[in-house]
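**Q** Fold the stuff below for me.
(chains A, B, C and D)
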There are 2 protein chains.
Amino acid sequence: MEAVKDWLKGLVDVTDEELKAMNDIAETTLVKPNEVILKQGDVADKIGLLIQGAVRTYFTDNDGTEHIVGFAFDGEPIAAVSSFFNRVPSPVACATLEPTLFIWTDYERYNSFINRFPRYNSVAVNALGRALGEGRYRMEYMHQTSAKARYDSMCTLHPKIIERVPLKYIASYLGITQETLSRIRAKK
Amino acid sequence: MEAVKDWLKGLVDVTDEELKAMNDIAETTLVKPNEVILKQGDVADKIGLLIQGAVRTYFTDNDGTEHIVGFAFDGEPIAAVSSFFNRVPSPVACATLEPTLFIWTDYERYNSFINRFPRYNSVAVNALGRALGEGRYRMEYMHQTSAKARYDSMCTLHPKIIERVPLKYIASYLGITQETLSRIRAKK
DNA sequence: TTCATTTTTTGCCTTTTGTCAATTGGTTTT
DNA sequence: AAAACCAATTGACAAAAGGCAAAAAATGAA
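**A** Residues are numbered from 1 along each chain as shown, chains lettered A, B, ... in the order given. Got it, this is the predicted structure:
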C-alpha cells in the first residue's frame, strides 16, 4: 500500500477513509519471470502498480514477429490503459522480465471505488495525460533518424532499460536488429 | 455545436442543460493555413474540436529540425492533452495546414463545466484512452522496419494523410527523407 | 498567360543497417 | 568438469536509405 500512496503523492491528498477503501479493493501478486500477464486481444481487466520488478509490453505482427512497445519498472503504473478504460481488446500484450510484485484491482472494484470517490477521476485523467506525454518522448527518439542517436537518447532518458533489459528486447524497442545494436555498443 | 454532439455520441448522452452549458463556454475560430496555434514549450490552455480543416503536430529538435508527430482532420479532437490536463509545457507545437475551423474552450471554462457536470470526467478518461490507443497504432507502424512497409501501413490506416498533406510532412512523419518517400511512391 | 516560387522527382554515390552464419562468453544442468 | 543452452559479438556481403545537386512539375502571383 505504501507504493500506492507514494504514487498518488502530488496528485491527490488521500484521506484515511479513501486509503482504507483502496486497501479493501487491492490485491498483491508475485509473478514469475517471463509470464504473460495480459494477452494481446484480451480486454484488460486489471489495473495496478508494479511494486518491484520489470515488465515488457509488446505486440505480435502478422509474421509472428514480436515488437517491443515499452517497459515498466518499480513504482510505475501498469495497465493497458486504452483497453482497461474503454473496454476494448488490447492491441498489446504484457509479460514479466523478472520476478515481479504487483498491487492491483479489477475493473469492477475500480469502478465501485470511483463511484464512491468521484474526485479520483481526475487522478485517472492525470495519469492518462502523463502516459500520453511519455508516448511523445518515445516518439521523439524514434524519430531521431540514426540507430545510434536513438540508442543514445534511450540511455539518457531511460537508463534503467540498459541495466535491466536483455539486448534483444532493447533492439526491438529501438526498431533495429540485435546485431546493429551490438555494433553500436562496441564503438564505446 | 453539431460537431461536438457528434463527437460525444456513444460516449455520453448529452442533456439539454449540458448542451446549453457547453454552448456557453464554447467559441469558434477560423484560422488561416500555416498558422501556429500552439507553441512548443507553452502550456496548452485550449481544448477543442477541429470542425473542418487539417492540423499538423510537430516538435523542433536541438538541430532546429522539425519532426512531425501527427495530423488531425475534420471532426477530430485537438489538444496537447498531456499539457492541457497536467498544466505542463507542451513538448509539441501545432499548426494549421489548411484554413481550419475550430470549436474550443479554455482550461478555466473547461473546469467550471467539469465541476458542474462531474460525470464528464469519464468522457475525458475515455478520450485520453482513445488517444493512447491511437498512439499505439502509430507505434505499430513506426516499428515496421522498412520505409515502404511504414508507408503502406499509413496508407491503409490513415488514407486522409496522403490526400491532404504535403509530401515533406509525410516523410518526416514516417521518419524518412523526402527523396526516399518519393522513390517509394514511384514504384507503383 | 508568363514569371517566379515551391514542391516533387531523378541520378549518382556514400553511409547505414540488415541478413546470415560462425564464434565467443557466460550460465545452468547433469 | 563437460555438455548443453542462451545471449551477445563479429565478419562478410547485400539491401535500404541518406545526401547532394540538378531537373521537372505544380502552384501561385503579377
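
**Q** mind saving the C-alpha coords of the lowest-mean-pLDDT helix or strand in chain A as CSV?
**A** The helix or strand of chain A with the poorest confidence is helix A:121-143; it has a mean of 83 (mean pLDDT, DSSP states H and E). Provided in CSV are the C-alpha atoms of helix A:121-143 (Å, rounded to 0.1, in the frame of the first residue of the first chain):
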residue,chain,number,x,y,z
ASN,A,121,-11.5,10.5,-11.9
SER,A,122,-9.1,13.5,-12.2
VAL,A,123,-6.3,11.2,-11.0
ALA,A,124,-7.1,8.9,-13.8
VAL,A,125,-7.1,11.9,-16.2
ASN,A,126,-3.8,12.9,-14.9
ALA,A,127,-2.3,9.5,-15.2
LEU,A,128,-3.5,9.1,-18.7
GLY,A,129,-2.2,12.6,-19.6
ARG,A,130,1.2,11.5,-18.2
ALA,A,131,1.2,8.3,-20.1
LEU,A,132,0.5,10.2,-23.3
GLY,A,133,3.3,12.6,-22.6
GLU,A,134,5.7,9.7,-22.2
GLY,A,135,4.5,8.3,-25.5
ARG,A,136,5.6,11.6,-27.0
TYR,A,137,9.1,11.2,-25.7
ARG,A,138,9.2,7.7,-27.1
MET,A,139,8.2,9.2,-30.4
GLU,A,140,10.8,11.8,-30.1
TYR,A,141,13.6,9.3,-30.1
MET,A,142,12.1,7.0,-32.6
HIS,A,143,12.3,10.0,-34.9
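
**Q** who does that helix touch, helix- and strand-wise?
**A** If you count contacts as 3 or more CB pairs under 8 Å, 6 or more residues apart in numbering or on different chains; DSSP states H and E, helix A:121-143 packs onto helix A:81-86, helix A:147-157, strand B:66-73, helix B:81-86, helix B:120-143. For the C-beta atoms, the positions are set from N, CA and C on the backbone; glycine is no exception.

**Q** Between these, which one is closest to residue A:97.
**A** Shortest separation from residue A:97 across those is recorded for helix A:147-157, at 16.1 Å, computed as CB to CB.

**Q** Quickly check: that closest one near DNA strand D or not.
**A** No - Helix A:147-157 does not reach DNA strand D (CB under 7 Å from any atom of the strand); its nearest approach is 10.8 Å.

**Q** Need the contact partners of that helix.
**A** Applying CB atoms under 8 Å, 6 or more residues apart in numbering or on different chains, the contact partners of helix A:147-157 are A:137, A:140-142, A:144, A:161-162, A:170, A:173-176, A:180-181, A:184-185.

**Q** most surrounded residue in the residues you listed?
**A** Neighbour tally across these (other CB atoms under 10 Å in any protein chain shown): the maximum, 25 neighbours, falls on residue A:173.

**Q** re the thing from before, and the least confident helix or strand of chain A, how far out from the chain middle?
**A** 11 Å (CA atoms, centre = their mean, to the nearest Å).

**Q** now do stretch A:143-162
**A** Centre-to-centre, stretch A:143-162 and its host chain are 18 Å apart (CA atoms, centre = their mean).

**Q** again, but for stretch A:18-28
**A** Using CA atoms, centre = their mean, the mean C-alpha position of stretch A:18-28 is found 21 Å from that of the whole chain.

**Q** Same question for it: list its buried residues.
**A** Buried positions in stretch A:18-28, judged by neighbour count with 16 or more other CB atoms under 10 Å in any protein chain shown: A:18, A:21-22, A:25-26.

**Q** got CSV for these, with distance to residue A:11, secondary structure and pLDDT too?
**A** Below are the buried residues of stretch A:18-28 laid out as CSV (distance: CB to CB, whole Å; DSSP: H, G, I helix; E, B strand; the rest coil; pLDDT from 0 to 100):
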residue, distance to residue A:11, secondary structure, pLDDT
A:18, 12, helix, 97
A:21, 16, helix, 97
A:22, 13, helix, 97
A:25, 18, helix, 98
A:26, 17, coil, 97
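
**Q** could those go into a markdown table alongside distance to DNA strand D?
**A** As requested, the buried residues of stretch A:18-28 are exported to a markdown table (distance: CB to the nearest atom of the strand, whole Å):
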| residue | distance to DNA strand D |
| --- | --- |
| A:18 | 43 |
| A:21 | 42 |
| A:22 | 37 |
| A:25 | 36 |
| A:26 | 33 |
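
**Q** Pull up the residues of chain A that are close to chain B.
**A** Listed as neighbours of chain B in chain A under the rule CB under 8 Å from any CB of the partner chain: A:59, A:61, A:67, A:69, A:81-86, A:88, A:91-92, A:118, A:121-122, A:124-126, A:128-133, A:135-140, A:142-145, A:172, A:175.

**Q** 6 Å instead?
**A** By CB under 6 Å from any CB of the partner chain, the part of chain A that sits against chain B consists of A:67, A:69, A:81-82, A:85-86, A:91, A:118, A:121, A:124-126, A:128-129, A:131-133, A:135-136, A:139, A:142-143, A:175.

**Q** Report the buried members of these.
**A** Applying 16+ other CB under 10 Å to these, the neighbour count classes A:67, A:69, A:81-82, A:85-86, A:91, A:121, A:124-126, A:128-129, A:131-133, A:135-136, A:139, A:142-143, A:175 as buried.

**Q** mind checking how far the nearest residue to residue A:164 once chain neighbours are set aside is from chain B?
**A** Counting by CB to CB, 6 or more residues apart in numbering or on different chains, the nearest residue to residue A:164 once its immediate chain neighbours are dropped is residue A:54, at 5.4 Å. Applying CB to the nearest CB, to the nearest Å, the value for residue A:54 to chain B is 20 Å.
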